[in-house]
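Engineer: Need a 3D model of the following:
(chains A and B)
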Protein chains: 2
Amino acid sequence: MAQKPSIPKGTRDFSPIEVAKRSYIINTIKFQFVKFGFQPIETPSFENSDTLMGKYGEEGDRLIFKILNSGDFLAKADKDAYKNEDSLKLTSSISEKALRYDLTVPFARYVVQHQNELEFPFKRYQIQPVWRADRPQKGRFREFFQCDADVVGSDSLWQEVEFVQLYDTVFTALQLEGVTIKINNRKILSGFAEVIGEQDKLIDFTVALDKLDKIGEQGVKDEMLQKGISEEALKKIQPIFGMKGTFNDKIAILHTILETSEIGKKGIEELQFIQKAISEMPLKTAVLDLDVTLARGLNYYTGAIFEVAAPNTVKMGSIGGGGRYDDLTGIFGLKNMSGVGISFGLDRIYLVLEELDLFPTTVSAATKVLVINFGEDEAMYGLKAVQKLREAGIAAELYPDAAKMKKQMNHANKRNIPFVILAGAEEIKAEVYGLKNMVSGNQEKLSLEDLIDTLK
Amino acid sequence: MAQKPSIPKGTRDFSPIEVAKRSYIINTIKFQFVKFGFQPIETPSFENSDTLMGKYGEEGDRLIFKILNSGDFLAKADKDAYKNEDSLKLTSSISEKALRYDLTVPFARYVVQHQNELEFPFKRYQIQPVWRADRPQKGRFREFFQCDADVVGSDSLWQEVEFVQLYDTVFTALQLEGVTIKINNRKILSGFAEVIGEQDKLIDFTVALDKLDKIGEQGVKDEMLQKGISEEALKKIQPIFGMKGTFNDKIAILHTILETSEIGKKGIEELQFIQKAISEMPLKTAVLDLDVTLARGLNYYTGAIFEVAAPNTVKMGSIGGGGRYDDLTGIFGLKNMSGVGISFGLDRIYLVLEELDLFPTTVSAATKVLVINFGEDEAMYGLKAVQKLREAGIAAELYPDAAKMKKQMNHANKRNIPFVILAGAEEIKAEVYGLKNMVSGNQEKLSLEDLIDTLK
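Structural biologist: The predicted structure is shown next:
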């Protein structure tokens, strides 16, 4: 029985032009990663479940794709869970492996497992797919690529400086000018919680603050009050709702808010270090901006927090993000390994480049010339030219069948092949090839040598 | 609790140098695929189970990795199978998706699903990982890449000719000279079965014949007798055990064996077409050889069968294979779509290049120069040079911490970084950079401009 073919929801087929455009973005990022001294690693698509479970919170655990054990998996199933038909409890006894959920936890695992082979600070990049059983929606997929660069083994702030430069360099190379690199620091957020005397509510506080963009000042305040943060506390941090102006203007406001907080002042110092370095080495097309509402996965980051916004002309969520996490590898038993890294959001960058028409027209290295097939002798004569053209680096093809000329010309047109070669008995005798420009319609007869020169 | 980190058996972490070597092979193949007119597609890592199950035989079904449904998967579990603790029967009710097992079935699914967007003949290449729950052993992994090129929509033999040229071109580009491209044709095998009157035993016959290399002539004959093929039949095909000499010598022998078989003679004709074309356009470094014992997945192939053997100096199984299958997309309801394709065995090619020491020394585009960090001012001065070097296309790094000089020099050495930049207060004042060659030990002071020129 023939099946109506389809793919699982949240997954995608990529056509040749889509692969070409994605490769253009990936190769641009990769090229800059290498220039910045990052080295590639790759880790398996699935990890032992132990490696992943419990690393992303309860919600994350739910969204991890689990792989069913092979063979008679029920033989080892948890008896109680089986009797009670408890899916959640049964899972770990019938599934030992799971698809990776991000590249950061596998990277931490890699660093610990290979620590004796690595030279620290270790700068690695990794561009691989990840999988999440999230509900699919516009721009959110169950399989998508992450493009990460991280350094592990040094807490130097020069790395934060270089990551800002890396973002700027990559987006400039992609001709995506005018992105905003937002920066914040976990220590600023801790400072806020400290000055309002609500250290124990740091998470509630920052989760609410992070929503300023979406729900506005009053919405944030309402949520904070609801979470038990006092009116008095809100008054103390009132200035953060009105932060405007330059990076330095905002720093000045932070100084007044955080003057009594040691950790807050440390955060300011770190931000200033980065800002000073960037002002001495101006960015090419991006803008560095301080956004004290930026939190991202707060429990994760301990220092700098980054997020990149697309140019104002495009409506799009963040196209990149990252930050510093002081104990990346602790979960796997290797303490005191500070890490800092950033990620590029491939799918969203793709949509932005598409919307702004920024993909180069040459993005797909497609076939340049098609030999029209007039029959066995002509095909052989044509294929000899094809072989020489390929040796000269030109993508060339022979139409495989001696079909009607019109069909073959249509094939060239539909595939946007700009030239065709026409060679019949006459050309074979004269040892030339007819070359037709499919755009201009011009036609000329050329020796093999001239043919190669013309198409080069 | 810290976990001892490990990865699932049969999977691999790839270190920077391994990624670089694999990328070198993949990029070489990809470059030739494009020159031959193949276009890239990508399909999801997991497919609906329906798409994969039943396409690879019972053994294949067992080796497909199944993904457990998310959430309360037991809610939809098959009641009877659950009660009987029948793993096999239960699977389809608790798992809807599975990791792809090869690239051919997903390609067939892609062609049928997107048939209205595609221009035929459609030449696609696809380089992606596949997963098999096989028992891991030396050179056999549970996650590995396949590199496939196929044409669908034409039964022209010129495509077989071009695939032979493609193999030759790729292995020549990899400097792997002296591979043997073995060719056979399903019609030859059918012809053998016909002339000995054992058409119904075609599979048994070819499975036994395929083992000639391993178990020798007597072993093959014993197996055939065991399968019920008569002594008389064996006598008729005796000449195939002694086939030696050139391609044409073997063709001559085939003519005598198969003179009464129409299908056999068609097979000879096809082989001769390919051989004639290749003799007019000689291969660069490979040898085309006729191997009538070659069967591979016989039920699959209907015309040409290919297999590539590494040079004689290396002990290694086949490093590539493929063939023609006349009804590629029939399983998904699209009839009469002839396909032909080949595959490159990435892992084995890697091992062969490693053994023969054929990886270029420049394979890893690693960092060329490291700036030694003497403190904040010097680091800033150094990073300015790093920025300019990167803009000039040179991979450059700043050591992030002002660590002891010896530690930083060791870092450069361990990472095989060939140059370091030394710039202290004196150099800053004179607006120069000290450049040290880590191999020769030579040191010179250069302006930023000269520094860039020297490192370029």
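Engineer: Remind me what the lowest-mean-pLDDT helix or strand in chain A packs against, helices and strands.
Structural biologist: Ranked by mean pLDDT, DSSP states H and E, the weakest helix or strand in chain A is helix A:202-209, scoring a mean of 88. Judged by 3 or more C-beta pairs under 8 Å, 6 or more residues apart in numbering or on different chains; DSSP states H and E, the packing partners of helix A:202-209 are helix A:186-195, helix A:212-226. Just so you know, the C-beta spots here come from the backbone N, C-alpha and C atoms, and that holds for glycine as well.
Engineer: and those helices, which is most packed in?
Structural biologist: Ranked by average neighbour count under the criterion mean count of other C-beta atoms under 10 Å in any protein chain shown, the helices and strands packed on helix A:202-209 are headed by helix A:186-195 at a mean of 24.
Engineer: Minimum distance to chain B, which residue of the stretch 301-450 of chain A gives it?
Structural biologist: As assessed by C-beta to the nearest C-beta, chain B sits closest to residue A:333 within the stretch 301-450 of chain A, at 3.0 Å.
Engineer: any idea how far that residue is from residue A:150?
Structural biologist: Note on residue A:333: its distance to residue A:150, by C-beta to C-beta, to the nearest Å, is 19 Å.
Engineer: So those two - more neighbours on which side?
Structural biologist: The neighbour comparison of residue A:333 against residue A:150 (other C-beta atoms under 10 Å in any protein chain shown) goes to residue A:150, with 26 against 13.
Engineer: Low-confidence ranges, chain A, go.
Structural biologist: Where chain A drops to pLDDT under 70, the residues are A:1-3, A:297-299, A:365.
Engineer: Apply 50 and report the result again.
Structural biologist: Applying pLDDT under 50 to chain A flags the ranges A:1.
Engineer: In the stretch 251-400 of chain A, what residue spans correspond to strands?
Structural biologist: Taking DSSP state E, counting those that start in this stretch, the strands of the stretch 251-400 of chain A run over residues A:287-290, A:304-309, A:320-325, A:339-344, A:369-371, A:396-398.
Engineer: and those as TSV, adding mean neighbour count and distance to residue A:404?
Structural biologist: What follows is the strands of the stretch 251-400 of chain A, written out as TSV (neighbours: other C-beta atoms under 10 Å in any protein chain shown; distance: least, C-beta to C-beta, whole Å):
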stretch	mean neighbour count	distance to residue A:404
strand A:287-290	18	58
strand A:304-309	24	53
strand A:320-325	25	52
strand A:339-344	26	48
strand A:369-371	25	15
strand A:396-398	27	16
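Engineer: and the residue lying closest to residue A:369 once chain neighbours are set aside, what does it touch?
Structural biologist: The shortest distance from residue A:369 to any non-neighbouring residue, by C-beta to C-beta, 6 or more residues apart in numbering or on different chains, is to residue A:419 (4.2 Å). Taking C-beta atoms under 8 Å, 6 or more residues apart in numbering or on different chains, we find residue A:419 in contact with A:368-370, A:435-438, A:455.
Engineer: And residue A:419, how far from residue B:257?
Structural biologist: Distance from residue A:419 to residue B:257, by C-beta to C-beta: 46 Å.
Engineer: likewise residue A:364?
Structural biologist: Residue A:364 sits 49 Å away from residue B:257, taking C-beta to C-beta as the criterion.
Engineer: go on, residue A:51?
Structural biologist: Residue A:51 sits 58 Å away from residue B:257, going by C-beta to C-beta.
Engineer: before we move on, what about residue A:261?
Structural biologist: Residue A:261 is 92 Å from residue B:257, where distance means C-beta to C-beta.
Engineer: Over to residue A:327?
Structural biologist: For residue A:327, the distance to residue B:257 - C-beta to C-beta - is 73 Å.
Engineer: Neighbour count for those two, which is higher?
Structural biologist: residue B:257 (22 against 15).
Engineer: got the contact list for that one?
Structural biologist: B:191-192, B:195, B:236-237, B:239-240, B:264.
Engineer: out of those, which one sits closest to chain A?
Structural biologist: residue B:264 (22.5 Å).
Engineer: Contact residues of the stretch 201-350 of chain A facing chain B?
Structural biologist: Residues of the stretch 201-350 of chain A lying close to chain B by C-beta under 8 Å from any C-beta of the partner chain are A:277, A:280-281, A:330-333.
Engineer: Apply 10 Å and report the result again.
Structural biologist: Neighbours of chain B within the stretch 201-350 of chain A, by C-beta under 10 Å from any C-beta of the partner chain: A:273, A:276-277, A:280-281, A:284, A:329-335, A:340.
Engineer: I'd say residue A:392 and residue A:452 touch.
Structural biologist: Yes - using C-beta atoms under 10 Å, residue A:392 is in contact with residue A:452, at 4.9 Å.
Engineer: Roughly how far does residue A:139 sit from chain B?
Structural biologist: As for residue A:139, its distance to chain B is 17 Å (criterion: C-beta to the nearest C-beta, to the nearest Å).
Engineer: Dump the strands of the stretch 251-400 of chain A into TSV; add distance to residue A:358 as well.
Structural biologist: Conversion of these to TSV gives the following (distance: least, C-beta to C-beta, whole Å):
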stretch	distance to residue A:358
strand A:287-290	18
strand A:304-309	16
strand A:320-325	16
strand A:339-344	15
strand A:369-371	28
strand A:396-398	30
